[in-house]
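Q: have a look at this fold, sequence not included:
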DNA sequence: ACAAGTACGCGACAATTGTCGCACGATGTC
DNA sequence: GACATCGTGCGACAATTGTCGCGTACTTGT
């Protein structure tokens, strides 16, 4: 049950959930609205659509709706990168890890994990 | 007068024009339709929109409309990659050239040129 | 001169994406 | 209890993208 790829505006929300595993719509909004200039409605709607796509899930926490990412950070990033490489640059083989150094959202360990994914997903 | 970024379906057409500087709608179609499964109409419409965006230009060649890319291959690819890196991986600095090795559409010289672009566009 | 094939201008439609607003019910406050 | 809030469900709209088809004018073989 592969989930769809996040659209550009969905990505920031996903990232927020990757850094904090559980957030309410309001919290998500406060984190992201600043740089995006969205209204709370936009944030909520985007969240809705992300549920439809299977990117996140909702859970009732003390009567409040909190969201959780349901796709893995590393594999999602790996897949997106792989697709980009294929579609835009037409690189089929494995990408070198060096491509990711400098990323502000990936730790050392994550970098290694990512690398592993890129090598594996090879066949696909 | 910066031109917009090509959408996914526009990219293959652009690539075709980068490899052969002048092509008619029909020729473009024959090159691309195969893998995309489009009808000629789709190809033409996509071409139309690319003109609107300033990605390509049309010229009357012996009474036939031929298309030419009006955006540069290297800088376009560099910009797209840069954007991807920033938006998805949050890498701001220059990307290492190694990220592009393996690309089937870039020659050695182009790789070097690309590298230069990535370093320059820094400020932006 | 006519039929068949092309090229081209345009309009059309559904799906996806970006953004909101409104109405309603639950909650907390004086 | 009346009111101001907040969280939610949902509907709405414009722009972009992916795909076509139609009608018309033009070229060309027989």
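A: That came through, no problem. Worth saying up front: this structure is predicted, and the values here are computed from it rather than measured.
Q: does residue A:21 really touch residue A:70, like I thought?
A: No: taking contacts as CB atoms under 8 Å, residue A:21 lies outside contact range of residue A:70: 11.2 Å. To be clear about C-beta, it is placed using only N, CA and C from the backbone, and glycine gets the same treatment.
Q: now for residue A:12: which residues touch it?
A: With contacts defined as CB atoms under 8 Å, 6 or more residues apart in numbering or on different chains, the neighbours of residue A:12 are A:32, A:35-36.
Q: which of those residues tops the neighbour count?
A: When neighbours are counted by other CB atoms under 10 Å in any protein chain shown, residue A:32 leads the contacts of residue A:12 with 20 neighbours.
Q: and that one, what does it touch?
A: Taking CB under 8 Å, 6+ apart, we find residue A:32 in contact with A:12-13, A:16, A:38, A:43.
Q: can you tell me the helix or strand for it?
A: Using DSSP states H and E, residue A:32 falls within helix A:25-36.
Q: tell me where chain A has helices.
A: Taking DSSP state H as the criterion, chain A carries its helices at A:10-19, A:25-36, A:40-53, A:73-84, A:108-120.
Q: mean pLDDT and distance to residue B:55 added to those, as CSV?
A: Converted to CSV, the helices of chain A look like this (pLDDT from 0 to 100; distance: least, CB to CB, whole Å):
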stretch, mean pLDDT, distance to residue B:55
helix A:10-19, 95, 25
helix A:25-36, 88, 27
helix A:40-53, 95, 29
helix A:73-84, 91, 19
helix A:108-120, 84, 30
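Q: select, out of those helices, the one closest to residue B:117.
A: Closest of the helices of chain A to residue B:117 is helix A:73-84, at 17.2 Å (criterion: CB to CB).
Q: neighbouring contacts of that closest one?
A: For helix A:73-84, the surrounding residues in contact (CB under 8 Å, 6+ apart) are A:5-6, A:14, A:18, A:95, A:99-100, A:106, A:110, A:113-114, A:117-118, A:121, B:81, B:84, B:88-89.
Q: what about the most centrally placed residue in chain A, distance to residue B:96?
A: By CA atoms, centre = their mean, chain A has its centre lying nearest to residue A:14, at 4.3 Å. Distance from residue A:14 to residue B:96, counting by CB to CB, to the nearest Å: 26 Å.
Q: same check on residue A:114?
A: The value you get for residue A:114 to residue B:96, if CB to CB is used, is 15 Å.
Q: could you do residue A:10 as well?
A: Distance from residue A:10 to residue B:96, counting by CB to CB: 28 Å.
Q: go on, residue A:20?
A: For residue A:20 relative to residue B:96 (CB to CB), the value is 30 Å.
Q: more neighbours, the two?
A: When residue A:20 is set against residue B:96 and neighbours are counted by other CB under 10 Å, the residue ahead is residue B:96, at 17 against 12.
Q: how many neighbouring residues does the nearest residue to that one once chain neighbours are set aside have?
A: Among residues not flanking residue B:96 along the chain, residue A:98 sits closest, at 4.9 Å (CB to CB, 6 or more residues apart in numbering or on different chains). Residue A:98 is flanked by 15 other residues according to other CB under 10 Å.
Q: what does chain A put close to DNA strand D?
A: A:24-26, A:40-41, A:44-45, A:48, A:64-65 (CB under 7 Å from any atom of the strand).
Q: now those residues as JSON lines including distance to DNA strand C and neighbour count?
A: Formatted as JSON lines, the residues of chain A next to DNA strand D follow (distance: CB to the nearest atom of the strand, whole Å; neighbours: other CB atoms under 10 Å in any protein chain shown):
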{"residue": "A:24", "distance to DNA strand C": "14", "neighbour count": "15"}
{"residue": "A:25", "distance to DNA strand C": "11", "neighbour count": "19"}
{"residue": "A:26", "distance to DNA strand C": "13", "neighbour count": "14"}
{"residue": "A:40", "distance to DNA strand C": "8", "neighbour count": "13"}
{"residue": "A:41", "distance to DNA strand C": "3", "neighbour count": "9"}
{"residue": "A:44", "distance to DNA strand C": "6", "neighbour count": "16"}
{"residue": "A:45", "distance to DNA strand C": "3", "neighbour count": "13"}
{"residue": "A:48", "distance to DNA strand C": "8", "neighbour count": "13"}
{"residue": "A:64", "distance to DNA strand C": "10", "neighbour count": "11"}
{"residue": "A:65", "distance to DNA strand C": "12", "neighbour count": "13"}
